[in-house]
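Enquirer: Here's my sequence, what's the structure:
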Amino acid sequence: MEVDIRKHEKVREQVHAGIAALRVQGRQIWGFTKLSLSEIVIRLSVGVGDLSRVSRDGHWLEESSALSSGAQHELKKELGNIIFSTIRWIDDLGLDPLECLDLAISAQENYAQSGRRR
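Expert: From the prediction side, this is the model:
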């Protein structure tokens with residue numbers, strides 16, 4: 001099975017509807033004040049720092065690739081925060097979320113096919 005939101009119109013419509021619902025829910029929480037790019041970068045950096053804290057605090061057990069239940073909760077929350085906040089930030093900047101996804105998907109495909117190591 002192949003799924004590609006750039007090719008499959010029905011899937012694209014579903015993704016668009018989901019993002020729109022999350023954008024509305026976010027506005028219910030945050031209101032309509034829009035952040036600037038520098039304000040967004042600061043907030044994203046805080047999220048990355050929170051992920052680093054989960055790793056740094058030794059909750060990540062490298063040998064078993066397992067997380068303690070508390071760390072797993074924190075990890076899920078912080079990754080969710082990044083997704084939910086990014087939808088808001090895209091809206092704050094007046095960008096099209098599907099266009100952003102299309103560009104990101106293409107860039108990741110190109111990188112994966114390049115064979116370069118991370």
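Enquirer: pLDDT wise, what is the nearest residue to R6 once chain neighbours are set aside at?
Expert: Take R6 and drop its neighbours on the chain: the residue closest to it by Cβ to Cβ, 6 or more residues apart in numbering is D102, 5.4 Å away. Yep, even glycine has a C-beta here, placed from its N, CA and C like the rest. The pLDDT attached to D102 in the predicted structure is 97.
Enquirer: Compute the number of surrounding residues for D102.
Expert: Here the count is done by other Cβ atoms under 10 Å, and D102 has 15 residues near it.
Enquirer: Would you quantify the distance from it to V41?
Expert: D102 sits 22 Å away from V41, taking Cβ to Cβ, to the nearest Å as the criterion.
Enquirer: now K10
Expert: Using Cβ to Cβ, one obtains 35 Å as the distance from K10 to V41.
Enquirer: Show me the helices in the chain, by range?
Expert: Under the criterion DSSP state H, the chain carries helices at the ranges 9-30, 37-56, 69-92, 97-114.
Enquirer: Select, out of these, the one closest to V3.
Expert: With distances scored as Cβ to Cβ, the stretch of these nearest to V3 is helix 9-30 (5.9 Å).
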